[in-house]
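Novice: need coordinates for the following:
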Amino acid sequence: MLHTFHIPVLGLGYSIDTPLKVARYGISSVLSIVDDELIERMRQYHTEKSEKKFTAIPKHIEDSRSKRITAYLNFLKESVEQQFEQLKEQDFIIGNDLCRYFELLPEHANLKHGYELMMAYPEGESKRIFQKLLRNGMKMGAIDVNIMAKVDKMNFLNKMYTGDLNTDALAALRGFAESSLQASVVLSAGMNPRLYSYLAEFADFFPDEAGALKKKVILKVSDFRSAFIQTRFLAKKGIWVSEFRIESGLNCGGHAFATEGHLLGPILEEFKAKRSEMVEELLAIYQTALESKNIFLKVRPAQRITVQGGIGTAEEHQFLLQHYGLAATGWGSPFLLVPEVTNVDQDTLAHLAAAKTTDYYLSNASPLGVLFNNFKHSSIEQQKQQRIVQGRPGSPCTKKYLCTNTEFTTAPICTASREYQNLKIKQLQSLDLTPADYQARFNEVTEKICLCEGLCSSAYLKYEIVKPRENKAVAICPGPNLAYFSGVYSFDQLIGHIYGRESVLQKTNRPNMFVQELNLYIKYFQGLLAEYNLSKNDKKRKQLLVFKNQLLAGVDYYKTLFKNLSDQAASQLQLMAEELSIAKDKLDQLMIG
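Specialist: As a prediction, the model looks like this:
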């Protein structure tokens, strides 16, 4: 990579076509391949916009999900390659896309140094040779895809089960594997052994004679232990994990997967300390698996480590790269404020740009039953409240990607659906509950929102392709770090901010990213403690003690870390120490009875 950051997946629709906007500049991004309906509509929109013939892939045909994904990914690859070649053919003229490519690069990049030297050269043959060398050194950004491993609904055609190979996650993987992309699949949200085993069915995930992988695997992880377990499983199948993408458990966007008190700093330290030992063990397993398939490894495979979640300044970005030896960082939520890059409708964009820290919160709104980062001013939250007032809670369930509940029905249904919520509320009404208990449980039921449509609506609104009677309510899931970014930015501005050329932060009360995550975990721990106090038992008590001790160990780690930061200004160090001390006092006051 020429750049030292990437743009992670942002919901369903927010980064669905981000590669078309950034890949030609050498910047890698990730799109979700959960929703093949969204994917098909995006392929149609962009194909017709480029004045090419669009051939639809109907939903009812065999293996339509996989075929739609393959077609869209091939379209993205061809389109980005065309953009890139057209960019390279431009002359070096200040202000055009070719010069922009080089000017966006980080200051330390050799290619940027070469560009600056070339621009100072006098006209002549030497300058033309220099320009040719620069063009040869240019690279496109990766078009990577994300699959939430456990979002793996069974599918039916004409009421007949289409088989285990056609579940949502496996069909999505097949769509990626059969595409012409040379890129990575990011596997997130836990381990799915059936999906992981299916990787070994595709030749592109195995090395060629030169040791190169056409398609790579990136694991999104939140701790070392789970990363090692998953990677060993894959290595035994002959599948190499090319990157660990470490994400903060709580200081992130989308679904939040809290650890048992393990904080990001200590997690990164553990990866740093055990990385070499882990690679050696994995390599032995991997080689054995490959040899059983008559594949003999000639080149030692590379393995990158990156991090994402709550990074907000150039100083934090650079520190993470240098101190932990990381290859890159991920910047997600701030790009929601960059219309050139992501698909945020105008109303939602205006609310995000003016939002306060209290507008972002951790919710139980996801039908997956996983904590979900929510935004108070999203139109889907307003719609949810209106439906409750009207006596019609829940949403029509049209896409059915998150249908997992069989409490009342034989076929799984979604807990955000009108059907489920009506059945559940009737059950609550039949119970002998106090008014307070009934209201609390009613609120739990009706908190769920439709993510299948809500996370796509913004893209449809932005491109003005909303269908008649289609739900226009927008769900959005930014991380809490976005509260410290106020305004709408250009692509160049935010990249300049990441690399320290300028700062877009207007609010000065932003805590250090590690302290911010610690505070989020303390708040989360308070919630766990409140639940425990309602129903105490020894098992829960032991779990809470472990959780608190992990947080305290994290505090001790940060105390030592901050003391040894010689490249930080004295005023910054003092502020960080004070923030840490305040957080420690809050934690000390939380007693487990």
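Novice: quick one, what contacts Lys220?
Specialist: Residues near Lys220 by CB atoms under 8 Å, 6 or more residues apart in numbering: 146, 186-189, 245, 247. For every residue, glycine as well, the C-beta is placed using N, CA and C.
Novice: apply 7 Å and report the result again.
Specialist: 186-188, 245, 247 (CB atoms under 7 Å, 6 or more residues apart in numbering).
Novice: how about those residues, which pair is most distant?
Specialist: Using CB to CB, the contacts of Lys220 span at most 12.4 Å, a distance reached by Leu187 and Glu247.
Novice: where's the dip in pLDDT among the contacts of Lys220?
Specialist: Lowest pLDDT of the contacts of Lys220: Ser188, 94.
Novice: what packs against the helix or strand encompassing Lys426?
Specialist: Taking DSSP states H and E as the criterion, Lys426 maps to helix 418-430. For helix 418-430, the packing partners by 3 or more CB pairs under 7 Å, 6 or more residues apart in numbering; DSSP states H and E come out as helix 435-446.
Novice: what helices or strands is the helix it packs on leaning on?
Specialist: So helix 435-446, by 3+ CB pairs under 7 Å, 6+ apart, packs with helix 418-430.
Novice: between the helix it packs on and helix 435-446, how many degrees?
Specialist: Angle, helix 418-430 to helix 435-446, by axes from the mean of the first three to the mean of the last three CA atoms, to 10 degrees: 170 degrees.
Novice: quick one: the strands in this structure?
Specialist: Secondary structure of the chain (DSSP state E): strands at 5-6, 29-32, 143-148, 156-157, 160-161, 184-188, 216-221, 241-247, 304-308, 328-330, 360-363, 372-375.
Novice: which strands border the third one, and is each parallel or antiparallel?
Specialist: Pointing back at strand 143-148 there. If you go by DSSP bridges, strand 143-148 pairs up with strand 29-32 (parallel), strand 184-188 (parallel).
Novice: which of those sits most buried?
Specialist: Per residue and on average, the most neighbours among the strands paired with strand 143-148 fall to strand 29-32, with a mean of 27 (mean count of other CB atoms under 10 Å).
Novice: ok, residues contacting the worst-scoring helix or strand of the chain on mean pLDDT?
Specialist: Of all helical and strand segments in the chain, the minimum by mean pLDDT, DSSP states H and E falls on strand 156-157, at a mean of 80. With contact meaning CB under 7 Å, 6+ apart, strand 156-157 is reached by Thr162.
Novice: now it, how far from the centre of its chain.
Specialist: On the basis of CA atoms, centre = their mean, to the nearest Å, strand 156-157 sits 30 Å off its chain's mean C-alpha point.
Novice: neighbouring strands - and their directions - for that strand?
Specialist: If you go by DSSP bridges, strand 156-157 pairs up with strand 160-161 (antiparallel).
Novice: ok, and what's touching the partner strand?
Specialist: Met154.
Novice: the same query, at a cut-off of 8 Å, please.
Specialist: Counting by CB under 8 Å, 6+ apart, 154-155 sit against strand 160-161.
Novice: mean confidence for it?
Specialist: Across strand 160-161, the average pLDDT comes to 84.
Novice: with stretch 27-38 instead?
Specialist: On average, stretch 27-38 scores 97.
Novice: end to end, how far does it reach?
Specialist: End-to-end span of stretch 27-38 (CA to CA, to the nearest Å): 23 Å.
Novice: likewise stretch 334-346?
Specialist: End-to-end distance for stretch 334-346: 16 Å, by CA to CA.
Novice: buried residues in it?
Specialist: By neighbour count on 16 or more other CB atoms under 10 Å, the buried set for stretch 334-346 is 334-339, 341-345.
Novice: same question, stretch 259-279
Specialist: Result for stretch 259-279 [16+ other CB under 10 Å]: buried residues 259, 261-269, 271, 275, 278-279.
Novice: pLDDT for the residues you listed - can I get that in a markdown table?
Specialist: Output for those, formatted as a markdown table (pLDDT from 0 to 100):
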| residue | pLDDT |
| --- | --- |
| Thr259 | 95 |
| Gly261 | 95 |
| His262 | 96 |
| Leu263 | 97 |
| Leu264 | 97 |
| Gly265 | 97 |
| Pro266 | 97 |
| Ile267 | 98 |
| Leu268 | 98 |
| Glu269 | 97 |
| Phe271 | 97 |
| Arg275 | 94 |
| Met278 | 95 |
| Val279 | 95 |
